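Peer 1: what shape does this take:
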Amino acid sequence: MTPELTALTLAALLQAVQYVVYAIPANLELGTRYTAGSRDRAPDQSMSKRTARLGRALDNHFEGLILFAIAATVISVSGQSSTLSAICAYTYLIARILYIPAYAYGLNPWRSIIWAVGFLSTLIILMVALF
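Peer 2: Predicted coordinates:
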């Protein structure tokens, strides 16, 4: 397996962990009656700021993982894996790990900087694949 596909696999596992990190406090705060239900109505109470941020960070990971998955797959399938693309893949993964607490604790502007590092790493992998 290429380093990029390994980083992709770890990023997918991170997303599963991130889901649990969000789901536990969301269930505690909203109650399982709401979270296990059809959610046809708004909850009776709102989540704490931190839990809501964890949910938004999870959504952001879903969005970022799509582009990273494309980059990791293209670079691996085309046989263009390189030291640069591997470094970028692991930089993306580290950025995603750091993004979770940065978002949860409202660490601005670090949250945005960390996001940008991960996004730029993905773009570099795509550029390596093209050139």
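Peer 1: what ranges do the helices span in this protein?
Peer 2: 3-30, 32-35, 49-77, 83-104, 110-130 (DSSP state H).
Peer 1: taking those helices together, which one is wrapped up most tightly?
Peer 2: helix 83-104 (a mean of 20; mean count of other CB atoms under 10 Å). All C-beta spots, glycine's among them, are computed from the backbone N, C-alpha and C.
Peer 1: by contact count, what packs against it?
Peer 2: With contacts defined as 3 or more CB pairs under 8 Å, 6 or more residues apart in numbering; DSSP states H and E, the packing partners of helix 83-104 are helix 3-30, helix 49-77, helix 110-130.
Peer 1: quick one, it and helix 3-30 angle?
Peer 2: 10 degrees (axes from the mean of the first three to the mean of the last three CA atoms, to 10 degrees).
Peer 1: for helix 83-104, C-alpha coordinates in CSV please.
Peer 2: What follows is helix 83-104, C-alpha atoms only, in CSV (Å, rounded to 0.1, in the frame of the first residue of the first chain):
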residue,chain,number,x,y,z
THR,A,83,8.4,11.5,-1.1
LEU,A,84,6.6,14.9,-1.6
SER,A,85,3.2,13.3,-2.0
ALA,A,86,3.8,11.0,1.0
ILE,A,87,4.8,14.0,3.2
CYS,A,88,1.8,15.9,2.1
ALA,A,89,-0.5,12.9,2.8
TYR,A,90,0.8,12.6,6.4
THR,A,91,0.7,16.4,6.8
TYR,A,92,-3.0,16.3,5.8
LEU,A,93,-3.6,13.6,8.4
ILE,A,94,-1.8,15.5,11.2
ALA,A,95,-3.7,18.6,10.3
ARG,A,96,-7.0,16.8,10.5
ILE,A,97,-6.0,15.4,13.9
LEU,A,98,-5.0,18.9,15.2
TYR,A,99,-8.2,20.5,13.7
ILE,A,100,-10.5,18.6,16.0
PRO,A,101,-9.3,20.2,19.3
ALA,A,102,-8.6,23.5,17.6
TYR,A,103,-12.2,23.7,16.5
ALA,A,104,-13.7,22.2,19.7
